[in-house]
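1. Quick one, structure for this:
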Amino acid sequence: MRQVYQSTKSPDYGVNSCEGCFQKQLKIDRLTQENESLRGELLRLKRKAVEGFFSSSTPSSKLPVKANSTAEKSKHRGGAKLGHQGHGRQAHTTEEVEEVRVVKVEATECPACHGALWRKGSVPRSVLDLQAMRVKKLLYELERKYCPECQTYLQAKVSALLPKMLLSNELLAEVVESHYVHGIPLGRITERLKVNYSTIIASLHRLGKLFEPCLEQLIQAYRHAAVRHADETTWRVDGANGYCWLFSSESLSLYLYRKTRAASVVKEVFGAQPLAGCLVVDRYNGYNRVPCKLQYCFAHLSRDLKDEAARFEENKEVQEFIGRLRQLLSEAMTLRGKQMTDQQYYKEAATIKSEIISLSLLNSFAAQHEARHPAIKRWSTFFIESAERLYQWVEDRNVPAENNRAERELRPTVIARKVSFGSQAEEGAKTRGILLSLMQTLKKREANPRQKFKQMLDKISENPALNVTHLLFEIDSS
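-> Sure, this is the predicted structure:
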């Protein structure tokens, strides 16, 4: 039987060779691609119109449109909880009042019946009053004495006044506290105190040089802290871009104003030797080489996941994965504030960690066999590969799962940047970093930072050779 072979097919077999159809298909493909691009741009503009330029990280003051408060939230009034009895206004005791003023009744007869009035004692009324702040111009006559035997002169010294300083220690403490603790602009301070602006600037620069050695001591103390926080924000100096770096712990705050955001600033603070403890930061790469353990901020991760969900709001698989992951991150961040024993905390923390890892492993393993969404693959891989920087809070209850301490402490600097637009010169930024670090550290260590700063200035006035770092860390708290 003769075998018949099928003839070879033409290379154009099954291809529509019609030139008109080919041009139509090209147009369809181009319009389809443009449609997808425009749809993505429309979604981006919708999110921008609601969330602002920085998505979920946009501050509330920059939101284009703010929704009105719901009726349910409007019903929640401030003040004490229902059923709270309160304590009422406390009257002043005779031991704590600074002055007793007697107010007499001027009338000698009753205004109703014109009868004689009898004295019936007095009724106490507790009041808080304010004395108007006024800067006084003082002139000291410093007595001089002469020893004829050794031909030396002895001159009296003014207490509470630094050498060659026009402003007294009390006035310096007022200016420093107002500006570096309460954030009042220097222009408002000079207007209120009626003191020359240049005089205050020159005085602050002298204080900055006086307390500059404290920065090195703060860096050393920061390296020995068990739990550290760090963050940075922009700060312009003489019109040029720069950054304000914050390195914070429970007992100190260190502010450094630098021109760069490079990791060299981090190395300057942490050094090269291995350190104990942990550093809580966002995922900025500048912190990745610090010589200690890292804890990534879950609040930043949660916002990034929220933005990721907004990009794929029509994908149910992505929404479910990110929703569950954000819920676990929220549970981790709120766990530390709950009232529970250490044993209960570590048990609950280990459970949350196990669920995060299981969710990531499940989606990462399934992604090898199934067509998982790229967003799920990316975040599952991140939580697996970055595990050593995500769970320090599980091992130590003192380590928070978020970087809220640094965020809160850096917020006044952000407000100052909006008000003052930065520093006018390098010297001003340097002075600000020194005095801001000093006052914010005293605020954490002392109940009255202004009083302690005044004590430090008084001790230096008595003995200019004193070690200012010794005064900062060992000043008597009585």
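2. Relative to the whole chain's centre, how far out is the longest helix seen in the chain?
-> Among the segments of the chain that qualify as a helix by DSSP state H, the longest is helix 19-51. Relative to its parent chain, helix 19-51 has a centroid offset of 42 Å by CA atoms, centre = their mean, to the nearest Å.
3. Same check on stretch 436-444?
-> Here stretch 436-444 shows a centroid-to-chain-centroid distance of 14 Å under the convention CA atoms, centre = their mean.
4. before we move on, what about stretch 284-294?
-> The chain centroid and the centroid of stretch 284-294 are separated by 19 Å, computed with CA atoms, centre = their mean.
5. contact partners of that stretch?
-> 228, 230, 232, 261-263, 265-267, 270-279, 281, 388-389, 392 (CB atoms under 8 Å, 6 or more residues apart in numbering). In this view, the C-beta of every residue, glycine as well, is placed from N, C-alpha and C.
6. which regions of the stretch 1-150 of the chain lie under the pLDDT threshold?
-> Confidence mapping of the stretch 1-150 of the chain against pLDDT under 70 gives the ranges 1-17, 49-57, 59-61.
7. Which stretches in it count as strands?
-> 144-147 (DSSP state E, counting those that start in this stretch).
8. what's near enough to touch His179?
-> If you count contacts by CB under 8 Å, 6+ apart, then His179 has Pro185, Leu186, Ile189, Leu204 around it.
9. With Ala240 instead?
-> By CB under 8 Å, 6+ apart, Ala240 lies in contact with Lys259.
10. Could you rerun that using 10 Å?
-> Taking CB atoms under 10 Å, 6 or more residues apart in numbering as the contact definition, Ala240 lies against Lys259, Gly422, Glu426.
11. Now tabulate those residues in a markdown table and tack on pLDDT.
-> Converted to a markdown table, those look like this (pLDDT from 0 to 100):
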| residue | pLDDT |
| --- | --- |
| Lys259 | 92 |
| Gly422 | 88 |
| Glu426 | 93 |
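12. Looking at the residues you listed, state which has the most neighbours.
-> Within these, most neighbours by other CB atoms under 10 Å means Gly422, with 20 neighbours.
13. any idea how far the nearest residue to Lys157 once chain neighbours are set aside is from Leu154?
-> Distance criterion CB to CB, 6 or more residues apart in numbering; nearest residue to Lys157, sequence neighbours excluded, is Leu142 at 7.7 Å. As defined by CB to CB, to the nearest Å, Leu142 lies at a distance of 11 Å from Leu154.
14. Name only those of the contacts of His179 that count as buried.
-> Buried by 16 or more other CB atoms under 10 Å: Leu186, Ile189, Leu204, out of the contacts of His179.
15. Return the subset of these lying in helices.
-> Leu186, Ile189, Leu204.
16. ok, Thr32 - how many residues close by?
-> By other CB under 10 Å, the residues close to Thr32 number 10.
17. quick thing: my sequence starts at 37, can you match it?
-> Sounds good: first residue 37 from here, last item Thr68.
18. Now do the strands in the stretch 287-436 of the chain.
-> Ranges of strands within the stretch 287-436 of the chain are 289-294, 314-317, 329-332, based on DSSP E, counting those that start in this stretch.
19. OK, contacts around the nearest residue to Gly313 once chain neighbours are set aside?
-> Nearest residue to Gly313 in three dimensions, chain neighbours excluded: Ala262, at 4.5 Å (CB to CB, 6+ apart). If you count contacts by CB under 10 Å, 6+ apart, Ala262 has them with Ser285, Glu286, Ala312, Gly313, Cys314, Asp432, Asn434, Val435.
20. Now do the phi/psi pair for Gly278.
-> phi -160, psi -170 (degrees, to the nearest 10).
21. Over the longest strand seen in the chain, what's the mean pLDDT, rounded is fine.
-> With secondary structure taken from DSSP state E, the chain has its longest strand at strand 263-270. The average of the pLDDT scores along strand 263-270 is 94.
22. which strands and helices sit next to it?
-> When contacts are defined as 3 or more CB pairs under 10 Å, 6 or more residues apart in numbering; DSSP states H and E, strand 263-270 sits against strand 279-284, strand 289-294, helix 299-306, strand 314-317, strand 329-332, helix 440-456.
23. pretty sure Glu353 contacts Arg408?
-> Yes. With contact defined as CB atoms under 10 Å, Glu353 counts as touching Arg408 (7.7 Å).
24. what's the overlap in contacts for the two?
-> Counting by CB under 10 Å, 6+ apart, the shared contacts of Glu353 and Arg408 are Asn399.
25. of the two, who's got more company?
-> Taking neighbours as other CB under 10 Å, Glu353 and Arg408 compare with Arg408 leading, 18 against 13.
26. Relative to Glu438, how far out is that one?
-> Applying CB to CB, the value for Arg408 to Glu438 is 29 Å.
27. I'd like to know which of the contacts of Ala262 are buried.
-> Ser285, Gly313, Cys314, Asp432, Val435.
28. by contact count, what packs against the host helix or strand of Met475?
-> Using DSSP states H and E, Met475 sits within helix 462-481. When contacts are defined as 3+ CB pairs under 10 Å, 6+ apart, helix 462-481 sits against helix 205-216, helix 233-246, helix 249-259, strand 279-284, strand 289-294, helix 440-456, helix 485-498, helix 504-510.
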